[in-house]
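Undergrad: Need a 3D model of the following:
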Amino acid sequence: MKKLLIIIVLISSVNLFGQDRTIKVDFNKSSGKLNTMFKECIGAGRANEGLRADWQQQLAMVKKECDFKYIRMHGLLTDDMAVYREDSKGNPEYNYQYVDVLFDFIVSLKMKPFVELGFMPNALASGKETIFWWKGNVTPPKDYKKWEDLIRNLTAHFKERYGDEEVKTWYFEVWNEPNLSPGFWTGTQEEYFKLYEYAVRGIKSVNKDYKVGGPATAGAAWVPETIEFAVKNNVPLDFISTHTYGVKQGYLDEFGTSGTVLNKEEFSVSGDVLNSRKQITNSVKPNLELHYTEWSSSYTPADPIHDSYHSAAYILQKLKEVGNAANSMSYWVFTDIFEEPGPRFTPFHGGFGLLNTQGIKKPAYFSYYFLNKLGETELQNTDKASWVTKNAKGDVQLLFWDFTNTHPGDKVWNQTYYVQDLPSKEKGKIKVEVSGLQKGKYTLEIYKVGYKSNDVFADYLAMGKPAQLTKQQVTSLKEKNNGAVIATEKITIDATGTYSKDYKINENDVVLFNLIKQ
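TA: The predicted structure is shown next:
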């Protein structure tokens, strides 16, 4: 009996610690249409930043290469968008000239606004408390009827400008993270629900089919409470939105001075999403859409994990774990043109963006760039760190990765750990096997992101971390980190219809095989 026990332990150890993986699929066995919730929405800092030429140029590139459908941002109603004021008698005056410039551009890219209604125009605010360098007012309205009228007037303007059928496809989200009080909201939960109810009245009075939701909370909070409020008070609620981040402590640290630690728990981020879906399913409104309108590895725009090659595999791992639980997972954000703590003074500072201020692609960018290269049909696949797809032309795409959380633990901040040169260790081989292919000639394209491969932060470190980049340095970094094919092979598939390949992989490598039928 003792010998048998020892044998079992040894076998278990091989399965647990053996590094080789096999990804085995059959071209003729699909699991259905690929779920593209990962590119439904992307975040941006604030509306006024969207009036900048460089912001717009970057968004156009991101749309073309990653194909996000919606974009969400703060500050649509703040005073730098010149939306609302009152005359000497207290009568409201509305103005949407800046909003039109922004939304016209978004629509011109064939994107759609995920309309976050906030923050409070100063002339309508009940107090002076603000958040961020750009001073978004976070107080309740002094007059809820005037708030409702503003939202109604704005919604009617959208209807007139873009048409009913278009605006029906938009989402209207009331406020941002009202559970972070006094950070984003000086009122109570009850006052947030009042704000929500009046906003819904305004929107639905223009068209009852326009989609409104919330509570847009930090940390996946208030989901059951929001549903309960809506049902009890007969207030429309078309979707749930909330947020989650992958660090262990806190919710708001705009300057990155508190220090963050990447969570070691396997289902950080994804566990919140799965739980939110469970809360909805167990409620009296079990079919509500669920939109995570912010998520990332860290909630501060001063966290170097955002610049690190570790982020690419992290993003894919979390999206894979979420599965079908969310209707969208809106990564926060697409660009480092982002001024919550004020304009940044260095080109790589741990900003949220997939792109830095100069539009240089970070490793995280390529997660979405590679995802957008997947085919429309997903193949059956038991591997938990890959997607395998095919398209109508008979091409096959295999996106696979290793996610290894190498963070040393609670005693070291991300702000200390991820600013170093962090070489990746070998993780063995991945054996890829695709059966059921048509006989003939194929070309294999291989793409990769990992340590010193589309790893702009490693290149920046090698430059000596210059506080400012010259024009030549920007050009050099863009050319080296452009996501181009790293290798091609000519393949002949014989009558067996099977393609196989062994590929060495390191920690936090992300690899895309594109097998193109000739």
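
Undergrad: Going by C-alpha atoms from here, please, whenever you check contacts or count neighbours.
TA: Fine.

Undergrad: Quick check, residue 42 in contact with residue 334.
TA: Yes. In this structure residue 42 lies within contact range of residue 334 using CA atoms under 8 Å: 6.5 Å.

Undergrad: ok but residue 321 is inside a helix, no?
TA: Yes. Residue 321 forms part of a helix when assessed by DSSP: H, G, I helix; E, B strand; the rest coil.

Undergrad: Now do the phi/psi pair for residue 220.
TA: Reported as degrees, to the nearest 10, the phi and psi values for residue 220 are phi 60, psi 30.

Undergrad: Tell me who's in contact with it.
TA: With contact taken as CA atoms under 8 Å, 6 or more residues apart in numbering, residue 220 is in contact with 242, 243, 244, 272, 273, 276.

Undergrad: ok, now how distant is it from residue 391?
TA: Separation of residue 220 from residue 391 (CA to CA, to the nearest Å): 36 Å.

Undergrad: what do you get for residue 214?
TA: 36 Å.

Undergrad: Please say which of these two ends up with more neighbours.
TA: Comparing residue 214 with residue 391 by neighbour count (other CA atoms under 10 Å), the higher total belongs to residue 214, at 28 against 14.

Undergrad: Does anything pack onto the helix or strand where the more buried one lies? Which helices or strands?
TA: With elements taken from DSSP states H and E, the one containing residue 214 is strand 211-217. Strand 211-217 sits against strand 171-174, helix 189-206, helix 223-232, strand 239-245, with contacts defined as 3 or more CA pairs under 8 Å, 6 or more residues apart in numbering; DSSP states H and E.

Undergrad: how's this structure carved up into domains?
TA: 19-32+379-517, 35-377 (automatic domain parsing).

Undergrad: Take these and lay them out in JSON lines including mean pLDDT.
TA: Converted to JSON lines, the domains of the chain look like this (pLDDT from 0 to 100):
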{"stretch": "domain 19-32+379-517", "mean pLDDT": "96"}
{"stretch": "domain 35-377", "mean pLDDT": "96"}
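
Undergrad: just these: most buried one?
TA: domain 35-377 (a mean of 20; mean count of other CA atoms under 10 Å).

Undergrad: Kindly reformat the helices and strands packed on strand 211-217 as CSV containing distance to residue 349.
TA: Below are those laid out as CSV (distance: least, CA to CA, whole Å):
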stretch, distance to residue 349
strand 171-174, 30
helix 189-206, 34
helix 223-232, 33
strand 239-245, 18
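
Undergrad: To residue 355, which of those lies closest?
TA: When the helices and strands packed on strand 211-217 are compared by CA to CA, strand 239-245 sits nearest residue 355, at 18.9 Å.

Undergrad: Next up, the contacts around the residue positioned nearest the centre of the chain.
TA: The residue lying closest to the centre of the chain (CA atoms, centre = their mean) is residue 331, at 1.1 Å. When contacts are counted by CA under 8 Å, 6+ apart, residue 331 is found next to 41, 42, 43, 293, 294, 295, 296.

Undergrad: What ranges does the stretch 251-400 of the chain have for its helices?
TA: Secondary structure of the stretch 251-400 of the chain (DSSP state H, counting those that start in this stretch): helices at 270-281, 310-322, 363-371.

Undergrad: which secondary structure elements does the longest one contact?
TA: Right, the one you point to is helix 310-322. Helix 310-322 is packed against helix 270-281, helix 363-371, with contacts defined by 3+ CA pairs under 8 Å, 6+ apart.

Undergrad: between those helices, which gets nearest to residue 301?
TA: Smallest distance to residue 301 across those (CA to CA): 14.3 Å, for helix 363-371.

Undergrad: helices or strands up against the closest one?
TA: For helix 363-371, the packing partners by 3+ CA pairs under 8 Å, 6+ apart come out as helix 53-66, helix 310-322.

Undergrad: and the angle for that helix with helix 53-66?
TA: Computed with axes from the mean of the first three to the mean of the last three CA atoms, to 10 degrees, the direction of helix 363-371 lies at 40 degrees from that of helix 53-66.

Undergrad: List the pairing partners of the helix or strand encompassing residue 490 within its sheet, with orientation.
TA: Using DSSP H and E, residue 490 falls within strand 487-493. Strands adjacent to strand 487-493 in the sheet, as given by DSSP bridges, are strand 440-449 (antiparallel).

Undergrad: got the contact list for the strand it pairs with?
TA: For strand 440-449, contacts defined as CA under 8 Å, 6+ apart pick out 309, 312, 363, 366, 454-455, 483-494, 509-518.

Undergrad: distance of the closest residue to residue 345 other than its chain neighbours from residue 340?
TA: Computed as CA to CA, 6 or more residues apart in numbering, the closest residue to residue 345 that is not its neighbour in sequence is residue 467, at 7.3 Å. Distance, residue 467 to residue 340, by CA to CA: 20 Å.
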